[in-house]
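sequence? don't have it. structure:
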């Protein structure tokens, strides 16, 4: 359970709360940096593109249309059911432009809970093993600095995705198993363990590949025998929840698997997936070298071997999973690695403080520790330093553009219009009552079940999740009223689209709109050459 003892701050514990306060200040600066003020005085907040896809589902559910992308169409185009559930009530109280801020604040609280649970986990372990208080505080501080400076953790937290929530469930699972000796555990402890695993799987179905090994691995590492009747109950509850959710999916969406499964995992040979996954992970291998070496050292010798072993195990599963699915669309942001990082940070913190404490002179201990911690943090974040400094953030400029286009289309399009998009987040979310056609197939089963295109980009053979498209079908056949553009990598329908679409200027924006459409206020537009 959540331990509230962290609220009693002693002088020895104050440094880590200074770090947490600085991280909070950075987060507030990030939120204020990623806000757009329109000329009409409204402030707009946004999330990562996939998070806004989930938000569109949440808006429809909150407004009585069902858990759908478009009214009257049932396709499961999200992979984070629990997050959609949490997003939905926000739309009862907040307007569209402020609901994303509500998600950011909710995720910020989740990120803070991850930090609290990590330090609590280290404290519990240290006090059971008689670690001196001064050393315990240093271990917590080192782990906290690494966690709260790691840009992928901050990024996915503040832009509304599920990694921090899954990370929290992972830490709670470990803390649940370490909290009591097996002989004193009550049934409620095992029911809470089952609930945590169920919540993680509801957050992302593929989390089951992480939670079950984490559960079994923790018990094996601490040398506790598995009480099979209780383990069977936990597993039965987990399997039952997966079965019930699968039945719901089949009943509600008409398919046993989410649409995103077909989009991301079908059509490529294993050889292509393996090659693409390895190419995707190459930068991570270079970034993670110092942390991995410290974690391995902690496994070989050191009191933090349990955390390092669990972290390395989760990381290994994540690497294998991403190679199996062929990587990810979001190159370099490591969202699947985030849940493993806090345990790696904890294990590495133990070995760093132990080694420096034993080898350095009394006067050099603290300076040496500071140098090692900062050097490791800089190495881990070298690729993200401009973003950490808030000189820019990923997608910020293009999001401003999409927000302006969404506001323009709100003024230009009439009821019955439709929009066709590649970036299925900002425009569809801010135009929730307009039918949206997802050119990349996340909410279109026809595209999701088609064959992927092998088109090298961003150092990969193909871009998973963004490599299935058919613009002749999506544009020339479905004929959305507005299209984002008419080319995607090797698929170009510019010439045939000229007969159907015209290029118009509106408040300085270029809009590609269906010619002579009854769903467009043509009188507002200035026609230009297509």
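Structure's in. What do you need? Everything numeric here is computed off the predicted structure, so don't read it as measured data.

and the nearest residue to residue 246 once chain neighbours are set aside, which of the three is it?
By the measure of Cβ to Cβ, 6 or more residues apart in numbering, the closest residue to residue 246 outside its immediate chain neighbours is residue 256, 6.2 Å from it. Quick note: C-beta positions are derived from backbone N, CA and C, even for glycine. Secondary structure, DSSP: H, G, I helix; E, B strand; the rest coil: residue 256 is coil.

Could you shift the numbering so residue one becomes 574, and keep it that way?
Let's use 574 as the start, then, which means that last one is residue 829.

OK, contacts around residue 829?
Contacts for residue 829 (Cβ atoms under 8 Å, 6 or more residues apart in numbering) come out as 819, 822-823.

Scan the residues you listed and report the most crowded one.
residue 822 (18 neighbours; other Cβ atoms under 10 Å).

Shouldn't that one be within a helix?
Yes: judged by three-state DSSP, residue 822 forms part of a helix.

mind listing what it touches?
Taking Cβ under 8 Å, 6+ apart, one finds 649, 828-831 in contact with residue 822.

Which pair of these spans the longest distance?
The largest separation in the contacts of residue 822, counting by Cβ to Cβ, is between 649 and 829 at 10.6 Å.

May I ask you to confirm that residue 815 is in contact with residue 782?
No: with contact defined as Cβ atoms under 8 Å, residue 815 and residue 782 do not form a contacting pair (11.9 Å).

Now do the contacts for the closest residue to residue 622 other than its chain neighbours.
Excluding its sequence neighbours, the residue lying closest to residue 622 (Cβ to Cβ, 6+ apart) is residue 998, at 3.4 Å. Residues near residue 998 by Cβ under 8 Å, 6+ apart: 619-626, 975.

how about a cut-off of 7 Å?
Counting by Cβ atoms under 7 Å, 6 or more residues apart in numbering, residue 998 touches 622-623, 625-626.

next one: residue 743
Counting by Cβ under 7 Å, 6+ apart, residue 743 touches 783, 787, 912.

between those residues, which is closest to residue 1022?
residue 783 (27.2 Å).

and the gap between the closest one and residue 651?
Residue 783 sits 19 Å away from residue 651, going by Cβ to Cβ, to the nearest Å.

show me where the stretch 724-873 of the chain has strands.
Applying DSSP state E, counting those that start in this stretch to the stretch 724-873 of the chain gives no strands.

low pLDDT regions in it?
By pLDDT under 70, the low-scoring segments of the stretch 724-873 of the chain are 754-757, 796-800.

Nearest residue to residue 1017 in space, please, no chain neighbours.
Among residues not flanking residue 1017 along the chain, residue 1011 sits closest, at 5.0 Å (Cβ to Cβ, 6+ apart).

what sits against the residue most central in space within the chain?
In the chain, the centroid-proximal residue (Cα atoms, centre = their mean) is residue 734; its distance is 3.7 Å. Residues near residue 734 by Cβ under 7 Å, 6+ apart: 621, 623-624, 908.

Lowest mean pLDDT among the helices and strands of this protein, which one is it?
One helix or strand of the chain scores below all others by mean pLDDT, DSSP states H and E: strand 1099-1100, with a mean of 57.

what are the ranges of the strands in the stretch 574-723 of the chain?
Under DSSP E, counting those that start in this stretch, the stretch 574-723 of the chain gives strands at 608-610, 616-618.

what residues does the last one touch?
Around strand 616-618, the neighbours that count as contacts under Cβ under 7 Å, 6+ apart are 608-611, 670-671, 673-674, 677, 976.

From these, list just the buried residues.
The neighbour count (16 or more other Cβ atoms under 10 Å) marks 609, 670, 673-674, 677, 976 as buried among the contacts of strand 616-618.

Check which residues of the helix or strand containing residue 944 are buried.
Using DSSP states H and E, residue 944 sits within helix 938-954. Neighbour-count burial for helix 938-954, counted by 16+ other Cβ under 10 Å, picks out 938, 941-942, 945-946, 949-950, 953-954.

As JSON lines, the residues you listed with distance to residue 925 would be great.
JSON lines is the format used below for these (distance: Cβ to Cβ, whole Å):
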{"residue": "938", "distance to residue 925": "11"}
{"residue": "941", "distance to residue 925": "9"}
{"residue": "942", "distance to residue 925": "7"}
{"residue": "945", "distance to residue 925": "6"}
{"residue": "946", "distance to residue 925": "7"}
{"residue": "949", "distance to residue 925": "8"}
{"residue": "950", "distance to residue 925": "12"}
{"residue": "953", "distance to residue 925": "14"}
{"residue": "954", "distance to residue 925": "17"}
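
Which of those sits closest to residue 745?
residue 953 (24.4 Å).

For the closest one, give me its contacts.
So residue 953 contacts 723, 860, 864 (Cβ under 7 Å, 6+ apart).

repeat that with 8 Å
719, 722-723, 860-861, 863-864.

swap in residue 711?
922, 926, 942 are the contacts of residue 711 under Cβ under 8 Å, 6+ apart.

10 Å instead, please
By Cβ atoms under 10 Å, 6 or more residues apart in numbering, the contact set of residue 711 is 585, 588-589, 704-705, 922-923, 925-927, 929-930, 938-939, 942, 946.

out of the residues you listed, which are buried?
Buried among the contacts of residue 711 by 16+ other Cβ under 10 Å: 589, 704, 922-923, 925-927, 929-930, 938, 942, 946.

before we move on, back to that, determine which two of the contacts of residue 953 are furthest apart.
722 and 861 (14.7 Å).

so residue 780 makes contact with residue 788?
No: with contact defined as Cβ atoms under 10 Å, residue 780 does not reach residue 788; the gap is 11.9 Å.

does residue 1083 sit in a helix, a strand or a coil?
Quick answer, by three-state DSSP: residue 1083 is strand.

quick one: it from residue 962, how far?
32 Å.

Then residue 782?
35 Å.

which one of these two has more residues nearby?
Shown here are residue 782 and residue 962; by other Cβ under 10 Å, residue 782 has more neighbours (17 against 9).

Could you double-check that residue 878 sits in contact with residue 702?
No: counting by Cβ under 10 Å, residue 878 does not reach residue 702; the two are 11.6 Å apart.

Looking at those two, which is more packed in?
Neighbours around residue 878 and residue 702, counted as other Cβ under 10 Å, are more numerous at residue 878. The numbers are 18 against 9.

Excluding covalently adjacent residues, which one is nearest to the more buried one?
Closest to residue 878 by Cβ to Cβ, 6+ apart is residue 872, at 5.0 Å.

What are the buried residues along stretch 647-655?
Here stretch 647-655 shows 648-655 as buried, counting by 16+ other Cβ under 10 Å.

how about TSV for those residues, with pLDDT and distance to residue 916 added?
Supplementary listing: the buried residues of stretch 647-655 in TSV, determined by pLDDT from 0 to 100; distance: Cβ to Cβ, whole Å:
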residue	pLDDT	distance to residue 916
648	94	36
649	95	31
650	93	32
651	93	27
652	90	23
653	93	22
654	96	25
655	96	22
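
can you tell me the distance between the two ends of stretch 657-664?
11 Å (Cα to Cα, to the nearest Å).

Next: stretch 794-806.
Stretch 794-806 end-to-end distance (Cα to Cα) = 21 Å.

And for stretch 1000-1010?
End-to-end distance for stretch 1000-1010, by Cα to Cα: 11 Å.
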